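1. quick one: sequence plus predicted model below, questions after.
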Amino acid sequence: MEYIVYILQSEKDGSYYTGFTTDLKLRIKSHNDGTSTYSSSKKPFILVWHCSFSDKKLAADFERYLKSGSGIAFRNKRLINYHK
């Protein structure tokens, strides 16, 4: 199975959402349909970055890192192509 860590950017306010899933298309659709509770007020979203892992724990650990202070700095410096 493939585990995907992804970063979305809100077209509403420019904020980022980081998560992981096994079905990226379905997950983005749920964010944009408003069925994902946490992000529903910030829709619509665009995908700005994603990476695949074959190991669920590695994907979860990398997602957790990207949500940390140093992970946010890494995201902003190394992963994001700003969509403005």
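-> Yep, that arrived. Numbers count the residues shown, from 1 in each chain.

2. check contacts around the residue of the chain positioned farthest from its centre.
-> In the chain, counting by C-alpha atoms, centre = their mean, M1 sits farthest out from the average C-alpha position, at 18.7 Å. With contact taken as C-beta atoms under 8 Å, 6 or more residues apart in numbering, M1 is in contact with 22, 54, 56. Where you see a C-beta, it was placed from the backbone N, CA and C, and this is true even at glycine.

3. residue ranges for the strands of the protein, please.
-> For the chain, the strands defined by DSSP state E cover 3-10, 16-21, 45-53.

4. single out the most deeply packed of the ones you listed.
-> strand 3-10 (a mean of 20; mean count of other C-beta atoms under 10 Å).

5. just how off-centre is that strand within its chain?
-> 2 Å (C-alpha atoms, centre = their mean, to the nearest Å).

6. and the angle for that strand with strand 45-53?
-> Orientation of strand 3-10 against strand 45-53 (axes from the mean of the first three to the mean of the last three C-alpha atoms, to 10 degrees) gives an angle of 160 degrees.
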